[in-house]
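Engineer: predicted model follows, preceded by the sequence.
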Amino acid sequence: MIVRGRVQRFGADINTDYIIAAQHKAASLDVARMARHTFEDIDPGFVDRVQAGDVVVAGPNFGCGSSRETAPRVLQACGISAVVAPTYGRIFFRNAINVGLPVIECDTTGIEQDDVIEIDVEHGRVTVEERGLQRTATPLPDVMRALLEAGGLANYLRRHGDLVLPSSDRINN
């Protein structure tokens, strides 16, 4: 899986309430409606600037905080195709994989707003060609890549009928 997009840059310790504030999670179950408030408290111009295919690049500890699946879902609803950060809140990381949002762990130093980034999920490479940057990312296990390729856990279960997770030959069936 290759992801290529324009960078939306954030700093360290972006918690899930910064991604989508609690009052918006409580006001609606409609993810598209909630998405209009993504990053509202820390980057009010985000929803006007973001485009389909963009990639969030952040500092360490992205997605710390509450465990709601809403945070990765609103990022997807905004058109975010992946998130790249050195470390994640573990619950956010798992929720992102479960909804089909690639989350890649690597050093993000030197990657700037509006750079074009390419992520090779299978081989664990992150590249910003215009800056001459190539980083090695922590490779995702086969099972996580299988969930991402299916579009998340629910789609995987619909496709395969169970959660007997793949040997390499089962992923392609």
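Structural biologist: Perfect, I can see it now. Numbers count the residues shown, from 1 in each chain.
Engineer: please make it C-alpha for all contacts and neighbour counts, starting now.
Structural biologist: Fine.
Engineer: low-confidence regions, this protein specifically.
Structural biologist: Across the chain, the ranges flagged by pLDDT under 70 are 22-29, 165-173.
Engineer: which parts of the chain are strands?
Structural biologist: Taking DSSP state E to define them, one finds strands in the chain at 2-9, 55-57, 82-85, 103-105, 116-120, 125-128, 133-136.
Engineer: partner strands of the second one, parallel or antiparallel?
Structural biologist: Looking back up the chat, that one is strand 55-57. Within its sheet, strand 55-57 is paired with strand 2-9 (parallel), strand 82-85 (parallel), according to DSSP bridges.
Engineer: next one: that strand to chain centre, how far?
Structural biologist: Here strand 55-57 shows a centroid-to-chain-centroid distance of 8 Å under the convention CA atoms, centre = their mean, to the nearest Å.
Engineer: which stretches in the chain count as helices?
Structural biologist: Taking DSSP state H as the test, the helices found in the chain are 16-19, 22-27, 31-35, 46-49, 70-77, 90-99, 142-150, 153-160, 168-171.
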